[in-house]
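> this is a predicted model, with the sequence first.
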Amino acid sequence: MLSVKKCFFCGGDIIPARGQTYIRNDGAVLNFCSSKCRKNALKLKRDPRKYKWTEKYQSQGKR
């Protein structure tokens, strides 16, 4: 049975054989569900708690 992973940025579920995996130079493995999440986290360095479409924002009880 394959495990469902969580997106590093938005916190959403990633279906097996989908998404993108990024490995940092320090060995940390970051899983992303889409290029939108990857760009927001790595290129733009945004905080996922400030964007309404992420599950990390919704888990704070603001929505």
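Received, thanks. What you see is a predicted model, and the numbers here were worked out from it, not measured in a lab.

> just give me the neighbour total for the closest residue to Lys50 other than its chain neighbours.
Excluding the flanking residues, the one nearest Lys50 by C-beta to C-beta, 6 or more residues apart in numbering is Tyr57, at 7.0 Å. (Glycine included, C-beta is placed from N, CA and C.) Tyr57 has 18 neighbouring residues, counting by other C-beta atoms under 10 Å.

> wait, a strand at Tyr57?
No: the assignment for Tyr57, made by DSSP: H, G, I helix; E, B strand; the rest coil, is helix rather than a strand.

> which residues touch it?
Applying C-beta atoms under 8 Å, 6 or more residues apart in numbering, we find Tyr57 in contact with 48-51, 63.

> mind listing what's buried in stretch 33-43?
33-34, 37-38, 40-41 (16 or more other C-beta atoms under 10 Å).

> including distance to Met1, secondary structure and pLDDT, could those residues go into JSON lines?
Output for those, formatted as JSON lines (distance: C-beta to C-beta, whole Å; DSSP: H, G, I helix; E, B strand; the rest coil; pLDDT from 0 to 100):
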{"residue": "Cys33", "distance to Met1": "20", "secondary structure": "coil", "pLDDT": "96"}
{"residue": "Ser34", "distance to Met1": "24", "secondary structure": "coil", "pLDDT": "96"}
{"residue": "Cys37", "distance to Met1": "25", "secondary structure": "helix", "pLDDT": "97"}
{"residue": "Arg38", "distance to Met1": "26", "secondary structure": "helix", "pLDDT": "97"}
{"residue": "Asn40", "distance to Met1": "31", "secondary structure": "helix", "pLDDT": "97"}
{"residue": "Ala41", "distance to Met1": "28", "secondary structure": "helix", "pLDDT": "97"}
